[in-house]
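Asker: return atomic coordinates for the entry below.
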Amino acid sequence: MAAHDTRLPPFRSLLAFRAAATHDRLADAAVALGVTESAVSHQIRQLETLLRTQLFDRTNRRLVLTETGVRYLARIDPAIRELEAATEAVLPSDGRAIVRLTLPTSMAATWLLPRLGAFESANPDLDIQLVPTTRVIDLERDQVDIGIRYGRGNWPNVDKTFLFDDNATPVAAPGYVPEGEEDIEEVLKRSRLIVVRSIPDEWQEWAKARGLAPPELRGALELDAIEQGLQVAEAGHGITIGRSPYIEARLARGTLVTPFGTTASSGAAFYLCLPANKPPPGRTLRVKRWLLEQAGASRKALEPTQP
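Answerer: Below you'll find the predicted structure:
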């Protein structure tokens, strides 16, 4: 009997496309899959050849899906989630409950991961599986229990709880800006400024909130991620815009300082989101309570000290 032509692409290519579509950079997708960047790129090219269409717009440095890529991701992502869920259901249980948490990639690296070890030690029966991405995931469709989202809180079909305001202020290594400098605009003219490509207008927004002229960004160092900007500033190579809660640990350690003092709010904030109209199970409520406790501690740590 002749074999049926299923027209299914290689599963590795689907996983590579999905990882690349949910991360800003090939490097991050490669880390998520445990392979090299070239392997991810090869698998995506193989898939595009099979589908006879482009899935990514390659005219700029970031990974941007084409319209076809957006539609394809929307169809295959739930299917892969179903395969994962079906596999987990068949595997013998090790007694640990699982809570899936999605959040911005930079927030995972700078705020959540340093705290996760303490949670796991205190909750050996509970496993938090992270889904770091810059995409706004549909929690119910993608079977994600909790989302931490950044914005103004106007998302449909979620119950949201405030975590942090999005406060921004320039940060630099101690001593990078000499003490006693009072003319901020002059300091910025003489300094190497760092720009994060995903937030290109943050210097202008901060200057406007402080009543200052926007700094000249010609010659600024451009980086892909918030974490990279903080690392470069920490090494003493410039000034970047620091945002709460990303800078909390570095300010506490003293590896970064706020040379110009007060922060400026963008009006956006971070929210903890759960699927609406769906009572959360006890394991999800435990993680929610812990996240709210950590957020409260972070807000307190970032409050200005009283003289």
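Asker: where along the stretch 51-200 of the chain do the strands fall?
Answerer: Under the criterion DSSP state E, counting those that start in this stretch, the stretch 51-200 of the chain contains strands at 56-57, 64-65, 97-103, 126-132, 146-151, 158-171, 194-196.
Asker: which parts of the longest one are buried?
Answerer: Going by neighbour count (16 or more other CB atoms under 10 Å), the buried part of strand 158-171 is 158, 160, 163-171. Using the backbone N, CA and C atoms, a C-beta is placed for each residue, glycine as well.
Asker: got the contact list for the nearest residue to His237 once chain neighbours are set aside?
Answerer: Of all residues not flanking His237 in the chain, Arg192 sits nearest, at 6.4 Å (CB to CB, 6 or more residues apart in numbering). Applying CB atoms under 8 Å, 6 or more residues apart in numbering to Arg192 gives the contacts 220-221, 237-239.
Asker: output the lowest mean pLDDT helix or strand found in the chain.
Answerer: When each helix and strand of the chain is scored by mean pLDDT, DSSP states H and E, helix 26-33 comes last, with a mean of 80.
Asker: report the buried residues of stretch 128-143.
Answerer: So for stretch 128-143, counting by 16+ other CB under 10 Å, buried means 128, 131-135, 137-139, 142.
Asker: just to revisit the earlier point, dump the strands of the stretch 51-200 of the chain to JSON lines, plus mean pLDDT and distance to Leu8.
Answerer: JSON lines is the format used below for those (pLDDT from 0 to 100; distance: least, CB to CB, whole Å):
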{"stretch": "strand 56-57", "mean pLDDT": "90", "distance to Leu8": "21"}
{"stretch": "strand 64-65", "mean pLDDT": "88", "distance to Leu8": "21"}
{"stretch": "strand 97-103", "mean pLDDT": "91", "distance to Leu8": "26"}
{"stretch": "strand 126-132", "mean pLDDT": "90", "distance to Leu8": "25"}
{"stretch": "strand 146-151", "mean pLDDT": "92", "distance to Leu8": "31"}
{"stretch": "strand 158-171", "mean pLDDT": "90", "distance to Leu8": "34"}
{"stretch": "strand 194-196", "mean pLDDT": "93", "distance to Leu8": "39"}
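Asker: need these in CSV (columns: distance to Gly34).
Answerer: Shown next, in CSV, are these (distance: least, CB to CB, whole Å):
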stretch, distance to Gly34
strand 56-57, 21
strand 64-65, 23
strand 97-103, 19
strand 126-132, 15
strand 146-151, 24
strand 158-171, 30
strand 194-196, 26
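Asker: quick one, which of these gets closest to Gln228.
Answerer: Nearest to Gln228, of all the strands of the stretch 51-200 of the chain, is strand 194-196, at 7.6 Å by CB to CB.
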